[in-house]
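Novice: Can you look at this prediction? I've put the sequence above it.
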Amino acid sequence: MLDLKFIRSHPELVKAGAAKKRMECDVERILELDESNRQAMQAMDELRSKQKQAGKAIAEAAPEERAQLAQNQKGLKTELKECSEGQALIEAELNELMLRVPSVPAEEVPEGVDDGDNVELRKWGEPRSFDFSVRSHIEIGEMHGWLDIVRGARLAGSRNYVLKGDLCLLEHAVLRYALDTMVGKGYTAVTVPTLVRTQTMVGTGYFPGGEDQAYRCDERDDLCLVGTAEVPLTALYQDEILDGADLPMRLVSSSTCYRREAGTYGKDTKGLYRVHQFQKVEQVVIDVADEGRSIEHHLAILDNSEQILQALELPYRVVNVCGGDLGQAQVQKFDIETWMPSREGYGETHSASRFYDFQSRRLSLRYRGEDGKVRHCHTLNNTVAASTRMLIALMENHQTASGQVRVPEPLQLYLGGRELLPA
RNA sequence: GGAGAGGUGGCAGAGCGGCUGAAUGCGCCACAUUGCUAAUGUGGUGUCCCUUCACGGGGACCCCGGGUUCGAAUCCCGGCCUCUCCGCCA
């Protein structure tokens, strides 16, 4: 959410920002509502002020005068009620619109309509050239009995899967390696709920707008399954005022992620690339409201993930996501795309976002600075390792002619020292 | 699932329907005092909105949302959460 005062004083900036993101945003209507809302609130404040004074007079009056005085107040009461009903309507529409205003993308965000316009910043590693016919992760998985897509679908519908044996162990190895690496960098490991209240989805910016992408409980429970641990981690301190001395806060969580993938029929239907459920280690940073520091964190969390990919010997590229491909909440986003031989291309495996105070405002996540002032925090997040897509990259990039998978050095520790799967 | 208790400021903990944004204690900040520290004294110490160049002024908030009333932290209804006992259970 943007600061209403900011919209008031920089309407053109907000409009230009929305345009860059290719999003609708009726700034004029917001300004209109804001104006009438403030008028209505002032009128109400005056009425209430009168009411308070009159109330005091009644309290001090002699008992026999009270009934008469109270009678005189009835008009005030109805006037106030009418006034507040009108104001509530205005405010409801204003809030509705405010929740949909996108954050203003950074200068460095490239112009563009969709992911085709994302700008490649750098590449690391050379995609391997194979002297045998390359197998997809599905072929490798099925030849060893590691991957069972048929039974996954039988259990839970399409885009579900079962991992068995060494592939299951490899998944745990990657996740644990990712978690340990982040803890080694000073991050605090956290286990969080993956089923959260609707309010938390709104607070992190997924709702309104993303309802179709989230699994929700029925009306008995106001709960949604999260698509990423970003949601509970970022919202961990919602409605609190943190001590500035405790910032920055660096958090990492390994969790299950659930995605409906609505509107993706026919897209990436094969294998583990686009699935409804996976495991992910996610990093989140919460810090003071300082754009310079946010940018530093953004580069740092991007680098954390690049180090993991390098250690796992997986070629990747980093792209600067263009305006049209940015979400409502992000100020800037860098995606890391890892080489996947079966796709003969790079596939998105990581997404590093910075929000400034966009999420914090919705979450009412604040801190008290050294000067004693209360401000909204800045938040950021990035993938450390998402299980299924990392498994695709590991299996396909490190496959041998016989269909075995070479285990990169950092993971061997977690796989009983084995260098090849199956051993 | 059954039966109770409760949700008040950073924490603890009062609060008759009007004089309560809220006693008191602790914590915290400032000043004073004191070889240092500790102790003591005095004052201050929530968030948000509107308004004002400023000083200031007005309003909201005692879990959330409704209601009763001239007036609600205080009464009524619904929700959420916490705790205790019983049952069930990974």
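Specialist: All right, it came through fine.

Novice: For the rest of this, base every contact and every neighbour count on C-alpha atoms.
Specialist: Fine.

Novice: Look up how far residue A:121 lies from the residue sitting nearest the centre point of chain A.
Specialist: Nearest to the mean C-alpha position of chain A, counting by C-alpha atoms, centre = their mean, stands residue A:230 at 5.2 Å. Between residue A:230 and residue A:121 the computed distance is 25 Å (C-alpha to C-alpha, to the nearest Å).

Novice: Equivalent analysis for residue A:142, please.
Specialist: Distance from residue A:142 to residue A:121, by C-alpha to C-alpha: 36 Å.

Novice: Just want to know which of these two has more residues nearby.
Specialist: A count of neighbours by other C-alpha atoms under 10 Å puts residue A:142 above the other of residue A:142 and residue A:121, at 14 against 10.

Novice: Tell me how many other residues crowd the closest residue to RNA strand B within the stretch 151-300 of chain A.
Specialist: Using C-alpha to the nearest atom of the strand, residue A:221 is the residue of the stretch 151-300 of chain A that sits closest to RNA strand B, at 6.9 Å. Neighbourhood size, residue A:221 [other C-alpha under 10 Å]: 10.

Novice: interface residues of the stretch 151-300 of chain A facing RNA strand B?
Specialist: When proximity is defined by C-alpha under 7 Å from any atom of the strand, the stretch 151-300 of chain A lies next to RNA strand B at residue A:221.

Novice: in the stretch 151-300 of chain A, which spans are strands?
Specialist: Assigned strands in the stretch 151-300 of chain A, in chain order: A:162-163, A:188-189, A:195-197, A:223-225, A:241-243, A:249-258, A:277-287 (criterion: DSSP state E, counting those that start in this stretch).

Novice: Which neighbouring elements make contact with the second one?
Specialist: In terms of contacts (3 or more C-alpha pairs under 8 Å, 6 or more residues apart in numbering; DSSP states H and E), strand A:188-189 is packed against strand A:249-258.

Novice: The first one now?
Specialist: When contacts are defined as 3+ C-alpha pairs under 8 Å, 6+ apart, strand A:162-163 sits against strand A:147-148, helix A:149-156.

Novice: For the longest one, enumerate the helices and strands it packs against.
Specialist: Meaning helix A:149-156. So helix A:149-156, by 3+ C-alpha pairs under 8 Å, 6+ apart, packs with strand A:162-163.

Novice: pLDDT on the strand it packs on, on average?
Specialist: Per-residue pLDDT over strand A:162-163 has a mean of 97.

Novice: Which of the strands of the stretch 151-300 of chain A sits closest to residue A:421?
Specialist: Nearest of these to residue A:421, taken as C-alpha to C-alpha: strand A:162-163 at 14.1 Å.

Novice: Relative to the whole chain's centre, how far out is that closest one?
Specialist: Its chain's average C-alpha position is 27 Å from that of strand A:162-163, according to C-alpha atoms, centre = their mean, to the nearest Å.

Novice: Might you report the residue contacts of the residue nearest to the centre of chain A?
Specialist: A:282, A:283, A:284, A:381 (C-alpha atoms under 8 Å, 6 or more residues apart in numbering).
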